[in-house]
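A.B. asks: sequence first, predicted coordinates after that:
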Amino acid sequence: MVGRDPEGRLQELGIVLPPPPTPFGAYVEAIQSGPLLFLSGMLPVVGHDPVYFGRVGEELSVLEGYDAARTACLSGIAAARSHLGSLNSVRRIFKLGVYIATSHTFREHPKVADGASELLLDIFGAERIPPRIVLGVTSIPLGMPVEIELILEIERKDFADQPQTWRQS
């Protein structure tokens with residue numbers, strides 16, 4: 001059995017991260033300030049290719065929404081690894097925000113958000129899982145069903161005074 005560190009868990013679970021996402025506009029995917037790594041809103045894409053479109057509860061089922069949240073979270077994890085070099089330096093996930101495009105009558109937001117939460121639990125373990133906020137919204141960029149927000153706390157002791165940004169070349 002591979003160790004309980006995040007990189008070992010990825011191997012153990014057979015999870016292959018997608019390529020880090022590339023921006024759809026004028027922004028960076030990640031910025032680090034001291035021990036915190038802030039990721040831009042992560043969409044259900046693989047690299048730069050959308051995987052899902054539509055609203056959960058209308059064009060998409062709850063199960064498809066769950067998978068869209070998981071896919072968006074995988075993109076976030078890939079962006080974090082690209083910035084950090086290894087997920088083993090993640091001390092904890094500080095915050096998870098899950099934004100779901102739905103109709104005003106949709107009520108199963110937690111089930112959709114669990115696609116991201118359960119992935120984080122599997123990879124990082126119970127001691128690192130974050131508090132979360134889950135919101136139903138009218139629209140998400142490019143017509144996608146889910147956008148997630150991640151803030152990670154990093155263990156390194158050698159932080160530069162300047163914020164560090166990461167941009168896909």
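C.D. replies: Perfect, thanks for sending it.

A.B. asks: settle this for me: residue 82 is touching residue 20, isn't it.
C.D. replies: Yes: if you go by Cβ atoms under 8 Å, residue 82 and residue 20 touch, sitting 4.1 Å apart. Where C-beta positions appear, they are placed from N, C-alpha and C, glycine not excepted.

A.B. asks: between these two, which one's more packed in?
C.D. replies: residue 20 (21 against 17; other Cβ atoms under 10 Å).

A.B. asks: wasn't the more buried one part of a strand?
C.D. replies: No: counting by DSSP: H, G, I helix; E, B strand; the rest coil, residue 20 is not part of a strand but coil.

A.B. asks: which of the residues in stretch 106-115 are buried?
C.D. replies: 106, 108-109, 112-115 (16 or more other Cβ atoms under 10 Å).

A.B. asks: now stretch 43-57: buried residues?
C.D. replies: 43-45, 51-52, 55-57.

A.B. asks: widest-spaced pair of those residues?
C.D. replies: Maximum pairwise distance in the buried residues of stretch 43-57, criterion Cβ to Cβ, is 21.2 Å, between 45 and 57.

A.B. asks: do you know how far residue 97 is from residue 104?
C.D. replies: Per Cβ to Cβ, to the nearest Å, residue 97 is found 20 Å from residue 104.

A.B. asks: of those two, who's got more company?
C.D. replies: Comparing residue 97 with residue 104 by neighbour count (other Cβ under 10 Å), the higher total belongs to residue 97, at 19 against 7.

A.B. asks: any stretches of the chain with poor pLDDT?
C.D. replies: 1-3, 156-169 (pLDDT under 70).

A.B. asks: please save the CA atoms from stretch 59-69 in CSV.
C.D. replies: Output of stretch 59-69 as CSV, limited to C-alpha atoms (Å, rounded to 0.1, in the frame of the first residue of the first chain):
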residue,chain,number,x,y,z
GLU,A,59,-30.3,19.7,-18.7
LEU,A,60,-28.2,17.7,-16.3
SER,A,61,-29.1,15.2,-13.6
VAL,A,62,-27.8,15.4,-10.0
LEU,A,63,-25.4,12.6,-10.8
GLU,A,64,-24.0,14.5,-13.8
GLY,A,65,-23.7,17.6,-11.5
TYR,A,66,-21.8,15.5,-9.0
ASP,A,67,-19.4,14.4,-11.7
ALA,A,68,-19.1,18.0,-13.0
ALA,A,69,-18.1,19.1,-9.5
